[in-house]
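sequence plus the predicted model coming up.
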Amino acid sequence: MRVSLIGAPLALGQSKPGVGLAPAALRRAGLVEALVQIGHEVFDTGDLDFPRGKVHQAEVEIPETDFDGARRNLFDEGGTTTTTLTATVTRAKHAREVGESCHMISELVCQRATAGDFCLTLGGDHSIALGSIPGIISARPETALIWVDAHGDFNTPETSPSGNMHGMPLAMVLGYAKEGLPNFDWLLNEKLRKLTPDRVALVGVRSLDAGERRLLKDAGVHVYSMSDIDRYGIGPVMEKAMAAINGDGRRTFHVSFDIDSIDPAEAPGTGTLVKGGLTYREAHTILEMVSESGLLTSLDLAEVNPELDLNGQTTALGIELICSALGKSIF
Ligand SMILES: [Mn+2]
């Protein structure tokens, strides 16, 4: 299959330097060669040239009086949620730059998916999914989403304790965000309505902020935490997750994989380490199982930070995981 490799060196969704270097590090460590070796044709579109951050416009404050509009306001389909939030801080750092960057990702992913390619988007921090997912849904509206992460990424500018946008993308692609974030008008995409919480599975989660926990519960996303994986094993959990969001197999899968889902012992090179994560084999099993379904047509790899890595261990792991997603198996 032809794989479009989309470099998305976006780092403004969080605050630690280095995460924008991941696409280059993955290429340097042999990503393209590894994909060719397992039989794929690779079309490397290079790295997108994103706008740089400007200090004076880093934070977008939203008046708290607008707060009622926060729930699924992008495309309210009749008020299925009843969440009441009590956040006091409403902000999204670097929203202008993240919005413009994700628009660029979205257009390119849509174009490459329409051309029939497997879309491999390399972050950057996890706010890149605010581009890759709208892009893939535009091209392939019947997509179900598997989000592999230590965190929920289900904050909104209203609930976020930090204001870092890499903690918001899953909530935002599902429409849980306030209107009026600058440079996010394009996200009001009719086709994105198709992505509803019932076709989203969150796997590997073990750290949730209070506001996002409530919102996630009310939203009805299928959540498979680390405790579920401990109890039932990764195989049964993934079977259940895939059946829950795509039971009749009529949808394709997009996987948005945050490297921080994996235990810090295996993946030390990332900005928000949380202990008690996926083992090396569990991480591979997730991607092998989705790959074996024959329905995986796009993948994000986010939050690899070469500057925080130990001897390139996390970058190398990223390449191995991508290869598992693209069909490499032990036997
Ligand atoms: Mn994440």
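All right, it came through fine.

right, and the secondary structure at the residue nearest to P182 when sequence neighbours are not counted would be what?
Closest residue to P182 apart from its sequence neighbours, by C-beta to C-beta, 6 or more residues apart in numbering: R96 at 4.7 Å. Using the backbone N, CA and C atoms, a C-beta is placed for each residue, glycine as well. Recorded secondary structure, R96: helix (DSSP: H, G, I helix; E, B strand; the rest coil).

pretty sure R96 contacts M165?
No - look at R96 against M165 with C-beta atoms under 8 Å: they stay out of range, at 10.8 Å.

more neighbours, the two?
M165 (31 against 19; other C-beta atoms under 10 Å).

who's in contact with the more buried one?
By C-beta atoms under 8 Å, 6 or more residues apart in numbering, the contact set of M165 is 12-14, 92-95, 98, 127, 130.

quick one: the helices in the stretch 51-200 of the chain?
With helices called from DSSP state H, counting those that start in this stretch, the stretch 51-200 of the chain shows them at 95-114, 129-139, 169-173.

just put the ones you listed in JSON lines and tack on mean pLDDT.
Putting these into JSON lines (pLDDT from 0 to 100) gives the following:
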{"stretch": "helix 95-114", "mean pLDDT": "97"}
{"stretch": "helix 129-139", "mean pLDDT": "97"}
{"stretch": "helix 169-173", "mean pLDDT": "96"}
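
how about those in a markdown table, adding distance to S4?
Formatted as a markdown table, the helices of the stretch 51-200 of the chain follow (distance: least, C-beta to C-beta, whole Å):
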| stretch | distance to S4 |
| --- | --- |
| helix 95-114 | 4 |
| helix 129-139 | 11 |
| helix 169-173 | 20 |
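
quick one, which of the ones you listed gets closest to S227.
Closest approach to S227 among those (C-beta to C-beta): helix 169-173, 19.5 Å.

how far does the closest one sit from the chain's center?
Remark: helix 169-173 is offset 9 Å from the chain centroid, using C-alpha atoms, centre = their mean, to the nearest Å.

packing partners for that helix?
Where contact means 3 or more C-beta pairs under 8 Å, 6 or more residues apart in numbering; DSSP states H and E, helix 169-173 is packed against helix 129-139, helix 210-219.

now with 10 Å?
Packing contacts for helix 169-173, counted by 3 or more C-beta pairs under 10 Å, 6 or more residues apart in numbering; DSSP states H and E, involve helix 95-114, helix 129-139, strand 143-148, strand 200-205, helix 210-219, strand 252-258.

looks like I259 contacts A316 (just checking).
No - I259 is beyond contact range of A316, at 11.5 Å (criterion: C-beta atoms under 10 Å).

so these two - more neighbours on which side?
The neighbour count for I259 versus A316, taken as other C-beta under 10 Å, is higher for I259 (30 against 17).

among the helices of the stretch 51-200 of the chain, which is nearest F253?
The nearest among the helices of the stretch 51-200 of the chain, by C-beta to C-beta, is helix 129-139 at 10.1 Å.

that closest one and the ion in contact?
No - using C-beta under 5 Å from the ion, we find that helix 129-139 stays clear of the ion, coming within 7.8 Å at best.

just to revisit the earlier point, where do the contact lists of I259 and A316 overlap?
Counting by C-beta atoms under 10 Å, 6 or more residues apart in numbering, the shared contacts of I259 and A316 are G269.

around the ion, which positions in the chain sit nearby?
For the chain, the residues in contact with the ion (C-beta under 5 Å from the ion) are 126, 149, 153, 258.

out of these, grab the one that's most surrounded.
H126 (33 neighbours).
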